[in-house]
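Novice: have a look; sequence and predicted model below, questions after that.
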Amino acid sequence: MVDRVSAPRGVLATAVLAALVTAGALVGAFLLRQHPSPPQAAGASTDAGGCHASNCRTIASTTIGSDTIDLLANRDGTIGSLRVRSTGQAPSSRTSSGQTPTGQGTGLSQTSPNTSTLEVPITGQGATLTAQSLVCDPGNTPACLVRGNSSQGTIGQIYLRRSTGWSASGNPYVSDGGYLGLFDVDGDNTSDVITVQRYCPGAGDGCTSQHVFAKVFSLIGKELGCTETVSEPKWLPGWPNVSPSESELHTCS
């Protein structure tokens, strides 16, 4: 009779351990396949407006007090966001030169302790952003207007600087008469919103008349009045930077 030769206990233990490790790896791979991990973003995160650091660049920039405001957009100007870099100090009031010039170059997300990013919702309504899209004014209530042209006309969103920081204010404005801007109409050191509208009584959305008038709103959307209707935009006060005085406004009909 031939005696059976038993394997050493150490060899058996190693074989069992190897089998368990292999089985565990197979189970883990199966579970990963059923519940894959979300992909990791490369670089900065995408904000609510869809403007990612890799596909957007600064197209306009300005400074109000200690705040630097950058308008970011993709190559086509169809996606954008507003980035605010701040030291946390209160902005200074407007100087005698009026609005703060911009250079080339409704939700809120924090990107660093002193930087926040706000949505630019007008791109979702078809507006295209350019280097002329950002207009800001320090004033008693610091304000910025982000505007862009679309098939509806010029669309713009107001952003205000409050004690808690910058945020979008109200709904976007639409101008079908070729101008949307900021100007202090009543001399209270706070900008007002100037929209130019075509005058076509009863024409609805099909208005193509050259007759236009300026309609003025406060920064919080209160209607302040309208100018007289003129035969061409060039006859509006201050054209091409429309700037009516308070005395030139009357109740809008």
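Specialist: The structure has been received and is ready for your questions. Residues are numbered from 1 along each chain as shown.

Novice: in the stretch 51-200 of the chain, what spans have low per-residue confidence?
Specialist: 52-54, 88-113 (pLDDT under 70).

Novice: swap the cut-off to 80 and go again
Specialist: 51-54, 87-113 (pLDDT under 80).

Novice: where do the strands sit along it?
Specialist: In the stretch 51-200 of the chain, the segments counted as strands under DSSP state E, counting those that start in this stretch are 57-64, 67-73, 80-86, 103-104, 108-112, 115-119, 134-137, 143-150, 153-162, 165-175, 180-183, 192-198.

Novice: if you compare those strands, which one is most tucked away?
Specialist: Stretch with highest mean neighbour count among the strands of the stretch 51-200 of the chain: strand 134-137 (a mean of 26; mean count of other C-beta atoms under 10 Å). Just so you know, the C-beta spots here come from the backbone N, C-alpha and C atoms, and that holds for glycine as well.

Novice: count of residues packed around residue 215?
Specialist: 20 (other C-beta atoms under 10 Å).

Novice: turn the strands of the stretch 51-200 of the chain into JSON lines, including distance to residue 246.
Specialist: Conversion of the strands of the stretch 51-200 of the chain to JSON lines gives the following (distance: least, C-beta to C-beta, whole Å):
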{"stretch": "strand 57-64", "distance to residue 246": "25"}
{"stretch": "strand 67-73", "distance to residue 246": "28"}
{"stretch": "strand 80-86", "distance to residue 246": "30"}
{"stretch": "strand 103-104", "distance to residue 246": "31"}
{"stretch": "strand 108-112", "distance to residue 246": "34"}
{"stretch": "strand 115-119", "distance to residue 246": "31"}
{"stretch": "strand 134-137", "distance to residue 246": "17"}
{"stretch": "strand 143-150", "distance to residue 246": "18"}
{"stretch": "strand 153-162", "distance to residue 246": "20"}
{"stretch": "strand 165-175", "distance to residue 246": "20"}
{"stretch": "strand 180-183", "distance to residue 246": "11"}
{"stretch": "strand 192-198", "distance to residue 246": "10"}
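
Novice: wait, which of these is closest to residue 230?
Specialist: Ranking the strands of the stretch 51-200 of the chain by distance to residue 230, with C-beta to C-beta as the measure, places strand 192-198 first at 10.1 Å.

Novice: partner strands of that closest one, parallel or antiparallel?
Specialist: Using DSSP bridges, the strands paired with strand 192-198 in its sheet are strand 180-183 (antiparallel), strand 212-217 (antiparallel).

Novice: ok, which of the strands of the stretch 51-200 of the chain comes nearest residue 224?
Specialist: Between residue 224 and the strands of the stretch 51-200 of the chain, the shortest separation by C-beta to C-beta is 6.2 Å, and it involves strand 192-198.

Novice: then that closest one to CSV, C-alphas only?
Specialist: The C-alpha trace of strand 192-198 is given here as CSV (Å, rounded to 0.1, in the frame of the first residue of the first chain):
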residue,chain,number,x,y,z
ASP,A,192,-31.4,103.6,-13.4
VAL,A,193,-32.1,101.1,-16.2
ILE,A,194,-32.6,102.6,-19.7
THR,A,195,-34.4,100.5,-22.3
VAL,A,196,-35.3,101.7,-25.8
GLN,A,197,-38.5,100.3,-27.3
ARG,A,198,-40.0,100.5,-30.7
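
Novice: name the nearest residue to residue 159, sequence neighbours excluded.
Specialist: With C-beta to C-beta, 6 or more residues apart in numbering as the criterion, residue 159 has its nearest non-adjacent residue at 4.5 Å, and that residue is residue 144.

Novice: wait, isn't the one you found in contact with residue 136?
Specialist: Yes. The criterion here is C-beta atoms under 8 Å, and residue 144 meets it with residue 136 at 4.1 Å.

Novice: overlap in contacts of the two?
Specialist: Common neighbours of residue 144 and residue 136, counting by C-beta atoms under 8 Å, 6 or more residues apart in numbering, are 62, 64, 69.
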